[in-house]
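Engineer: return a 3D structure for these sequence lines:
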Amino acid sequence: MPQGPGGVILFSEVHVNAPLGHRAIAFVDGQNLFHSARESFACTWPDYDVLLLAQAICAARSWSLDHVRFYTGIPAPTRDPFWNGFWSSKLRMMSRQGVHVCSRPLHYRLARVRLPDGSDHTVSVSEEKGIDVRIALDVMRLTHHRLLDVALLFSQDQDLAELADEIREIAREQHRWIKIACAFPRSSSSKNQRGIDRTDWISIDRKLYESCLDWHDHRPRR
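Structural biologist: Below you'll find the model as predicted:
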């Protein structure tokens, strides 16, 4: 069986005959993809086009892309009008493109940080709630109903590692070929070089990323 970095087994398909067409559905964790692209390519805002990215990755592997599902947290307009306006505009455009959009309000908590001068400071930190759970539930539902052969995750969230085991179990029960893969930006500057454990890892390099940009500027005018 092929091996990945550090001897991690990457191939997740059950070894029965692969179906023709390889129906793929892409599941995109919008915030995870943005933070990975920012770290790898110094992106300053979410300038990716998830439909183009999914199409490019699937075409290179002869997978037939059925559709894309996009998940993100959004701040309230009273809390952060700039990013609320950005995501509202970007999600509207993706919906018009046929992308299935799932958004959740961001939650906030107070955290103490240590400043360079040694003093402590309290800041408000935003958190997504339920995005990884929603992705996992959708992957399992669509797999169980035989609506996909390839689950393509745009995420490096290790909370989804257990999902790979569940998909393998469904494949055994249904006696069919299923693959679960994760795609993520990666460069020499990436602190996190790992994909989701027990999935196929697909690296997105700068050339591929920059060929799949969203040229609409969704940032609201201040």
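
Engineer: alpha carbons only for contacts and neighbour counts from here, please
Structural biologist: Fine.

Engineer: OK, contacts around the nearest residue to residue 89 once chain neighbours are set aside?
Structural biologist: Excluding its sequence neighbours, the residue lying closest to residue 89 (C-alpha to C-alpha, 6 or more residues apart in numbering) is residue 218, at 5.8 Å. Neighbouring residues of residue 218 by C-alpha atoms under 8 Å, 6 or more residues apart in numbering: 85-87, 89-90.

Engineer: make TSV from the residues you listed and add neighbour count to it.
Structural biologist: TSV is the format used below for the contacts of residue 218 (neighbours: other C-alpha atoms under 10 Å):
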residue	neighbour count
85	18
86	18
87	20
89	16
90	18
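
Engineer: and the residues you listed, which is closest to residue 204?
Structural biologist: residue 90 (21.4 Å; C-alpha to C-alpha).

Engineer: from residue 80, how far out is the closest one?
Structural biologist: To residue 80, residue 90 is 16 Å away according to C-alpha to C-alpha, to the nearest Å.

Engineer: is the residue nearest to residue 89 in a helix, a strand, or coil?
Structural biologist: What DSSP: H, G, I helix; E, B strand; the rest coil gives for residue 218 is coil.

Engineer: residue 195 now?
Structural biologist: With three-state DSSP as the criterion, residue 195 reads coil.

Engineer: grab the nearest non-local neighbour of residue 153.
Structural biologist: residue 182 (4.4 Å).

Engineer: where does that neighbour fall, secondary structure wise?
Structural biologist: strand 179-185 (DSSP states H and E).

Engineer: over to residue 34?
Structural biologist: helix 30-41.

Engineer: what's the answer for residue 202, then?
Structural biologist: Residue 202 belongs to strand 200-204, assigned by DSSP H and E.

Engineer: just checking, what packs against that strand?
Structural biologist: For strand 200-204, the packing partners by 3 or more C-alpha pairs under 8 Å, 6 or more residues apart in numbering; DSSP states H and E come out as strand 179-185.

Engineer: now tell me which helix or strand of this structure has the poorest mean pLDDT.
Structural biologist: Lowest on mean pLDDT, DSSP states H and E among the helices and strands of the chain sits strand 120-127, with a mean of 53.

Engineer: in the protein, which spans are helices?
Structural biologist: 30-41, 50-60, 81-96, 131-144, 161-174, 206-210 (DSSP state H).

Engineer: nearest to residue 194, of those?
Structural biologist: helix 30-41 (11.0 Å).

Engineer: okay, the angle between that closest one and helix 131-144?
Structural biologist: With axes from the mean of the first three to the mean of the last three C-alpha atoms, to 10 degrees applied, the angle from helix 30-41 to helix 131-144 works out at 110 degrees.

Engineer: what average pLDDT does helix 30-41 get?
Structural biologist: The average pLDDT within helix 30-41 is 96.
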